[in-house]
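# Got a predicted model here, sequence first, then my questions.
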Amino acid sequence: MAAYTLYVLRRFGQFVLVVFVGINIAFFVTHATPIDPITAAIAATTRFSQSDPQAVQMTREALRELYGLQGSLWQQYVAFWMRVAVADFGPSLSAFPTPVSTLIWRALPWTFGLLSIATLISWGLGNLLGGLAGYYRRNVALKLFGVVASGLQPIPNYVMAFVVLVLFGYVWPILPITGSSQINLPQGWTLAYFESVFQHALLPVLSLVLVGTGAWFIGMRALVSNIVTEDYVTYAELGGVDRRRILISYVMRNALMPQVTGLALSLGLIFNGAVITEVVFGYPGLGNLLIRAVYAGDYSLVIGIASMSIIAVAFAALVIDLVLPLLDPRVRTA
Amino acid sequence: MSGDLLEAGHVTKSFAIGGLFGRGHFNAVDDVSFTVQAGRPEILAIIGESGSGKTTLARMILNTLAPTSGAIRFRGEELLEVRGRKRRLDFMRQVQPILQNPYEAFNPLRRVDRYLYASAVRLAGAQSQKARDEAVDAALQKVGLSLAEVKGRFPHELSGGQLQRTAIARALISSPALIVADEPVSMVDASLRMSIVNLFQRLRDELQVSILYITHDLATAYYISDRVIIMQKGKVVETGPAREVLIHPQHPYSILLKESVLSPDDVGRGRLTLEHDGEAMRLERIVR
Amino acid sequence: MHPSRRDNGSAGEPRPAPEGPPALSVDNLRAYYLMHYFGVEREVRAVDDISLVVRRNEIYGLAGESSCGKTTFLKTIAAAVRPPLTVVAGSVRYGFLDRDIYALSPAELSAIRWKHLSYITQGSMNVLNPVRRVRQSFIDFAYRHMRLHRRAFFAAVEQHLRRLHLAANVLDAYPHELSGGMKQRVTIALATICRPEFIIADEPTTALDVVVQKDVLAMIREAQQQIGSSMLFVTHDMTVHANIADRLGIMYAGRLVEEAPTAEIFTKPMHPYTAHLVASLPRIGEQSRKKSLSGAPPNLAAPPSGCRFHPRCPLTMDVCREASPALTTLAPGHRVACYAASPLVKPSATAERAAVPTPRAEPVGLVQ
Amino acid sequence: MFRILKDLLRYNREFALGAILILLVVAMSLASFFSPYPSGLQYVAPFDVPPSWGHPFGTNSRGQDVFWELTFAIRNSLLFGITVALLSRLIALVVGLTSGYIGGVVDRILMSINDTFVVFPPFPILVLVYFIFKDHMSWALLAVAMASLGWPYDARLIRSVALSLRTREFTTQSIFSGMSTRQILIEEHLPYVLPIVFATTMNNINWSIGLEVTLSVIGFTNIETPTIGTMIYWANQHTALVAGVWWWIAFPVGLVIMTFIGLYLLSVSMNEYIDPRSRLSRMGGSA
């Protein structure tokens, strides 16, 4: 188990590196540019009204403190890290005085729910059908599915979400196309509320699954068609081992590890797809919050979401990577 | 300059091991020393099973891998000091490899003759088209081929034996003093094998080339080599004249190795019996 | 229970004549690879008209160089044919079956696998599922045939392992925890646990080190004797054949060119190709110069006319270029396909033809 | 190279279909040079005319002919995708090849950086960039930002190929034939790396066009430059679907989906073609 501890440490080091580089990017994109966010913010608020220069100056000072933009670049850098470390990005400007972190925590469960359900479905479905398609190469239904999946897979999330929205919103309006639940329904542990949440989640999940399944399906099919030529599969077939047993314990089981690794590597893209889909369907997750923050010129909120996104995705990838070795006896005992 | 063509002094190479988890070190080659004299061409066989470190040793002699400690000297010059394009080319002029798998030794997407011409130009200094053709053809003639047979061919258009002989011809273009052949016949078919092995003898006798013949096969080693080195787990366990060592091995491992070799002369004698004290050994090997 | 055999070699002592049908008889088998890649169509005649018989209780060795069709031949007799490989003609009959193996339904085929017909294969390093313990492999392969309860089944497995001098704790190991030789031993135990009538062994020792190889060969021999099965043993290594095979068939370019008791192949080879293979074997203690053969094995997509060996043969005659020689019995148990070996050898009709009955119960070779 | 294309066109249905789709898309973008209207100009055509002979794809609520506007849009989108793909290929090739050939510590450091970039979600970062630059956000800046996020997956792929090529025996043969490192990389190894680079380029163009569409539709790019994304943006601004001007949305979306599928098919068929097993069989190697 000492080896596993060492692995955990190394993998954790990678996580720290991701967070470090990510936060640095966020910092330098915002600080090392000639554009001053405060001037921009003031320009936005004073666009439509004449303002007292003194008031503007006071606002300027207040914003400077609020955004942590006092002192030298180095002091700002340290201040920035302090904020990230305690996940406190100050109050949001657009929803003043609600802290940015509160807004993020409120949105995060929606994003997490949408992303994890859609990923579980598309990963599971794609791998299951892809595995079957790789093993039963002549099955017509599976072949057909492959063609459809290949056609859907390269379409970007936004376009797919948009097409789904048009189809179910305008052409055949049977499902709610925006929000996370019926607006007037009180939140709570009621059946009606859950039903509404379920209905509202259907289209975003559907559009994510339509795009996501294809990639896993194709990857798994290719993987399985390689695995079926492995000696241990050929040998089991020669040995008359039960076909279903071969499919499950020999073929699928050995394809599992690369596909889980693939999941960890694709988390960034999956997250991307989820937030974009949220934007289309007005789903109250991080994506939507981010867009609204941009429209409202809410500096702290934008930085907070960008930073927390990086950390959240890196953390999820870390968790998957730490579970991975437990699936493989070769690394487990090595 | 000393009289040694090649001198390996206390050469050790250690590798880090461990994949996803952990790290450790093991010595692939462990304190190996030997010399090959200049002016007295010989075939020196380095014999070992998989994991004996023989291939690692070959790579260090070819200067594609640096030893962790110890030194390898070629004509008195330490290989670590062979740096820079010019000195490397000088070294390659004199030391050439023969690789294991003739089908892998040439890029399948490229014509075979390109390697011959490159050697003629870069190593043998042939400038004109005519000089190049002559140098290449001369080398091919030495291995029983001709330029006409090889020119413009892709690797898949030649047989394994032809490819291996082409590879040997390429190595000969710069008239090297030493050839390092790593398992040169293990992937060659039985009916072609002896033509390659016999060729090595001719290279030694007629072209005065010394050959390091790296192999796991004691029978061919006995057939062609003058001296042998037997390696086990990175260490040299026995060395000496081929006849002496292979007929009367002294070290327990050499004895075991020799006794394990199957012989065609045993046909019908029923010598293939199981040693029933082998059980202990099998149990021990269950878990590494 | 099958009778256990007394000797290992085939030469010298006469053995009791085999009773009943042979363990395997292959008649005029042809199997081709029919391929088209990006518009290039090719027909590779990897197995071209092979007839042979494996007797009960014997190890029949099949020798040949790379891509001479020996692995394809194994696939065909194991009914493991998959496109582009296609069986074009011929029959494969086992002693334990009343029909051609290609007449079986997939379910029937699955029912005989491992119980009657098992395999020890080339990729010894990788035939065991890396994510399953050895114990589970035994369940997957053998449990359904043994008709025992779990507990009794494992008792039987452990007893079998003990007979083959393996410790029972290998059952709890994963394949990667075993050394190469150990894996091959486990595979042998796995292949013999159901006491199959016929075992197909494809280069089972090629990937092993010298020291381990001998031990593994001895184990194969011992297991085969213990359970009294018949075996087709394929390897390119003539010295291995010398030590394990009772009879030996030599393949060249998709055809069987010679067949005889092993000792006779080594002492009195009749086909020039066999003669070369035997003569070129290096031996420790011998440094006399070995001759080499010119040329290279032919490309099976475009084999030479007539006898496929003629372009490399030192004894080529005109007839060799025109028609391929039939495999002819020239001495008891000794078949050769070479005009130079004897005037008795006649051309075989190369085109498709009615099956020529092959001698099924030849007298056992009596070799001086 | 020419023969490869011919072979692929003749014997690979996916490649042929992909090539046809992409040819159509390219023809469409080239048509922009013959447009009767200058790019982006408004009020040059009647409003909201459904598809007809005069206006095959109809006209929109900004007084533009959808067909000719689309030719500019697809041209700009393609150019953008190609720019990002080329830039990120440059990074991927440099990182992948260096890592693969040099190995050791350099490899470990580069792959560590690579694995870091792999998990970054590009969208929030690009939005952050837009948020800071706002009106200063240019086409080129966006391309650079996206290129610096779009390389790591492919760098890893190229590295693994480079790594395996380095240990191939023919590499040793080339070294000892006296070939220079540059010669070995370019003449011996590039033929193996190039098809992979081609396949990933197609995928990367897809990725960048998709992301550009996404950002544009939200309005986070320069919305005055016609691209597929900004076309949809303006259509949304004029609530085209509610107004029943479906052709304003349907044609851009249809065209961009055609592009995605076409590029994807090219990439897939190329992947199949470079599979060494099928390549060797094609060359008539041993069975």
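Perfect, thanks for sending it.
# which residues of chain C fall in helices?
For chain C, helices defined by DSSP state H occupy the ranges C:70-77, C:106-112, C:134-138, C:144-146, C:150-163, C:180-192, C:210-227, C:238-244, C:262-267, C:272-279, C:318-322.
# Which residues does the spatially most central residue of chain B form beta bridges with?
Nearest residue to the geometric centre of chain B (Cα atoms, centre = their mean): B:Ala181, 2.3 Å. Note on B:Ala181: beta-bridge partners by DSSP bridges are B:Ile98, B:Tyr213.
# Roughly how far does it sit from chain A?
Note on B:Ala181: its distance to chain A, by Cβ to the nearest Cβ, to the nearest Å, is 30 Å. (Each C-beta comes from the backbone N, C-alpha and C, glycine too.)
# Quick check: that residue touching B:Pro102?
No - taking contacts as Cβ atoms under 8 Å, B:Ala181 lies outside contact range of B:Pro102: 11.8 Å.
# Tell me if stretch C:113-132 is near chain A.
Yes - residues of stretch C:113-132 contacting chain A under Cβ under 8 Å from any Cβ of the partner chain: C:113-114, C:118-119, C:121, C:123, C:125-132.
# Which of the residues you listed ranks first by neighbour count?
Counting neighbours by other Cβ atoms under 10 Å in any protein chain shown, C:Ser118 comes out on top of the residues of stretch C:113-132 next to chain A with 30 neighbours.
# list the contacts for it?
Counting by Cβ atoms under 8 Å, 6 or more residues apart in numbering or on different chains, C:Ser118 makes contact with A:Gly239, C:Ala191, C:Thr192, C:Cys194, C:Pro196, C:Phe198, C:Ile199, C:Ile200.
# Repeat the analysis, applying 10 Å as the threshold.
By Cβ atoms under 10 Å, 6 or more residues apart in numbering or on different chains, C:Ser118 lies in contact with A:238-240, C:78, C:112, C:141-142, C:187-188, C:190-201, C:229, C:231.
# distance between the ends of stretch D:57-70?
End-to-end distance of stretch D:57-70: 9 Å, with Cα to Cα, to the nearest Å as the criterion.
# do the same with stretch C:85-103
End-to-end distance of stretch C:85-103 (Cα to Cα): 18 Å.
# what about that stretch, distance to the chain center?
Centroid separation for stretch C:85-103 versus its chain: 16 Å, with Cα atoms, centre = their mean, to the nearest Å.
# For chain A, which segments count as helices?
Assignment of helices within chain A using DSSP H yields the ranges A:2-31, A:37-45, A:53-66, A:73-85, A:100-135, A:140-152, A:157-166, A:191-227, A:231-238, A:243-245, A:253-281, A:286-296, A:299-323, A:329-333.
# contact partners of the fourth one?
In this case it means helix A:73-85. Residues outside helix A:73-85 that contact it (Cβ under 10 Å, 6+ apart) are A:19-20, A:22-24, A:26-28, A:30-32, A:67-72, A:88-90, A:100-101, A:300, A:303-304, A:307-308, A:310-311.
# Is there a quick PyMOL command that grabs whichever of these are buried?
Here is the PyMOL command that selects the buried residues among the contacts of helix A:73-85 (16 or more other Cβ atoms under 10 Å in any protein chain shown):
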select buried, chain A and resi 19+22+23+26+27+30+67+68+69+89+90+100+101+300+303+304+307+308+310+311
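# restrict the contacts of helix A:73-85 to those near chain B?
Residues of the contacts of helix A:73-85 in contact with chain B (Cβ under 10 Å from any Cβ of the partner chain): none.
# B:Ile168: neighbour count?
Applying other Cβ under 10 Å, we find 25 other residues in the vicinity of B:Ile168.
# Quick check: it touching B:Phe200?
Yes - with contacts counted by Cβ atoms under 10 Å, B:Ile168 reaches B:Phe200, the gap being 8.4 Å.
# okay, and the common contacts of these two?
Contact criterion Cβ under 10 Å, 6+ apart; residues shared by B:Ile168 and B:Phe200: B:Ile98, B:Ile179, B:Ala181, B:Pro184.
# for the helix or strand the second one falls within, packing partners?
When you say that, I think you mean B:Ile179. Taking DSSP states H and E as the definition, B:Ile179 sits inside strand B:178-182. Contacts defined by 3 or more Cβ pairs under 10 Å, 6 or more residues apart in numbering or on different chains; DSSP states H and E place strand B:178-182 against strand B:4-17, strand B:43-47, helix B:54-61, strand B:95-98, helix B:160-172, helix B:190-207, strand B:210-215, helix D:169-176.
# quick one: the last one to helix B:160-172, angle?
Which is helix D:169-176. On the basis of axes from the mean of the first three to the mean of the last three Cα atoms, to 10 degrees, helix D:169-176 is oriented at 20 degrees to helix B:160-172.
# Report the contact partners of the closest residue to A:Asn288 other than its chain neighbours.
Distance criterion Cβ to Cβ, 6 or more residues apart in numbering or on different chains; nearest residue to A:Asn288, sequence neighbours excluded, is A:Glu278 at 4.8 Å. Residues counted as contacts of A:Glu278 (Cβ under 10 Å, 6+ apart) are A:107, A:110-111, A:114-115, A:161, A:180, A:204, A:208, A:284-291.
# let's see 7 Å
A:Glu278 sits next to A:Thr111, A:Leu114, A:Pro204, A:Gly285, A:Gly287, A:Asn288 when contact means Cβ atoms under 7 Å, 6 or more residues apart in numbering or on different chains.
# Now do it against D:Val127, distance only.
A:Glu278 is 13 Å from D:Val127, where distance means Cβ to Cβ, to the nearest Å.
# Same question for A:Trp105.
Using Cβ to Cβ, A:Trp105 is found at 20 Å from D:Val127.
# So these two - more neighbours on which side?
The neighbour comparison of A:Trp105 against D:Val127 (other Cβ under 10 Å) goes to D:Val127, with 25 against 12.
# Am I right that the more buried one is in a strand?
No - using DSSP: H, G, I helix; E, B strand; the rest coil, the assignment for D:Val127 is helix, not a strand.
# follow-up on the earlier one: just checking, the residue nearest to the centre of chain B touches B:Thr215?
No - B:Ala181 is beyond contact range of B:Thr215, at 8.4 Å (criterion: Cβ atoms under 7 Å).
# Could you list the residues of the stretch 1-150 of chain B in contact with chain C?
Residues of the stretch 1-150 of chain B lying close to chain C (Cβ under 7 Å from any Cβ of the partner chain) are B:Glu49, B:Ser50.
# so where do the helices sit in the stretch 1-150 of chain B?
B:54-61, B:85-94, B:113-122, B:129-142, B:147-150 (DSSP state H, counting those that start in this stretch).
# Return the alpha-carbon coordinates of the shortest one using PDB.
This points to helix B:147-150. Extracted as PDB, the C-alpha positions of helix B:147-150 are listed here (Å, rounded to 0.1, in the frame of the first residue of the first chain):
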ATOM      1  CA  LEU B 147      22.800  -3.800 -56.200                       C
ATOM      2  CA  ALA B 148      20.500  -4.900 -59.000                       C
ATOM      3  CA  GLU B 149      18.600  -7.200 -56.600                       C
ATOM      4  CA  VAL B 150      18.100  -4.500 -54.000                       C
END
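# Can that helix be said to contact chain D?
No - judged by Cβ under 7 Å from any Cβ, helix B:147-150 stays clear of chain D, getting no closer than 14.3 Å.
# Pull out the buried positions in that helix.
B:Leu147, B:Val150.
# How about stretch B:178-198?
For stretch B:178-198, by 16+ other Cβ under 10 Å, it's B:178-185, B:187-198.
# Show the contacting residues for the nearest residue to D:Gly58 once chain neighbours are set aside.
Residue nearest to D:Gly58 in three dimensions, not counting chain neighbours: D:Trp247, with 4.0 Å by Cβ to Cβ, 6+ apart. Applying Cβ under 7 Å, 6+ apart to D:Trp247 gives the contacts D:Pro50, D:Pro51, D:Phe57, D:Gly58, D:Val66.
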